[in-house]
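1. predicted model and sequence below, questions to follow.
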Amino acid sequence: MADTNERAASAQGKSGLSRRQFLAGIGGLGVGVVLGSGITALLLPDDVYAIEASQGYLLVDAKKCAGCETCVISCSLAHLGRINTSLSRIQVMKNALGSFPTNDVQQNQCRQCPYPSCVEACPVGAMHADPATGVRLVDEGKCIGCERCVEACPFTPSRVQWNFEDKHAQKCDLCKNTPFWDEAGGVGGKQLCVEICPMKAISFTNELPVQTDEGYTANLRNDHYLEIGLPSDDEARIPPAQLGYGAGGTAAQAAAGSNEK
């Protein structure tokens, strides 16, 4: 254990970048300015370096999610070749006392944060941004098991998991490395959770979503959702019939009726 701590301290001394250093470097500009207007990275005073933005993100509509955990099981299979819902890189939490559609089901996956505290926390560079795409990844061979990345994630549960079977940190890589799935993944490929979700509650985008302290949410409710008789608004107050569904209405008619309201 002492040897591990010495290695971690040495590595952090060589390459560690603190939040204070980062904020001091950008001054009053803010992360949005640093990463906005097409700029993905910026060399700052005193060699402080802003990590480039990811070129890919998963959008999840928790209100559309049925809680079936198909994505959870598939993620585990594609990455590990076995089913272990505890080791999936996307987690579904269910609140038996919660009410639809606001707080009964929650999906948790990596947000590809513009300022990734997990990357900063890693003392050996195992957690890093992919040079080609900016996606936040774990080099499992470099991981020393300190779990600082797990603790540093600002979300609960942590979007970085500790793989207690294989003894390394892991997180969503947008299916860049899925040895047990016969498809090309990553930013330019497919994501298994997007492909397999029966409710179409998960989507991929190259655009940086609006970030808040709670992360981000998306409304992915469309014809697929309306045609099975479920509401499209966040408050679940507008029945599909009022939008032209359930009585032979079409999507175009529904959209027109919604605009008139």
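-> Received it, and whenever you're ready, just let me know what you need.
2. quick one: the helices in the protein, in order.
-> Assigned by DSSP state H, the helices in the chain fall at 2-15, 19-26, 31-35, 70-80, 117-121, 148-152, 192-196, 223-226, 251-260.
3. now the nearest residue to C197 once chain neighbours are set aside: how far from A152?
-> The shortest distance from C197 to any non-neighbouring residue, by CB to CB, 6 or more residues apart in numbering, is to C71 (5.7 Å). Every C-beta, even on glycine, is put in place using the N, C-alpha and C of the backbone. Separation of C71 from A152 (CB to CB, to the nearest Å): 25 Å.
4. more neighbours: which of the two?
-> C71 (29 against 17; other CB atoms under 10 Å).
5. residues contacting Q55?
-> By CB atoms under 8 Å, 6 or more residues apart in numbering, the contact list for Q55 reads T133, G134, V135, V187, N206.
6. count the residues that sit near C75.
-> 26.
7. that one reaches R89, doesn't it?
-> Yes: when contacts are counted by CB atoms under 8 Å, C75 is listed as touching R89 (5.2 Å).
8. any residues in contact with both of the two?
-> C172.
9. give me the low-pLDDT residue ranges for the stretch 51-200 of the chain?
-> 99-103 (pLDDT under 70).
10. show me the strands in it, by range?
-> With strands called from DSSP state E, counting those that start in this stretch, the stretch 51-200 of the chain shows them at 57-60, 91-94, 105-108, 127-129, 136-138, 160-163, 168-171.
11. can you give me the buried ones in the second one?
-> Along strand 91-94, these residues count as buried under the neighbour rule (16 or more other CB atoms under 10 Å): Q91, V92.
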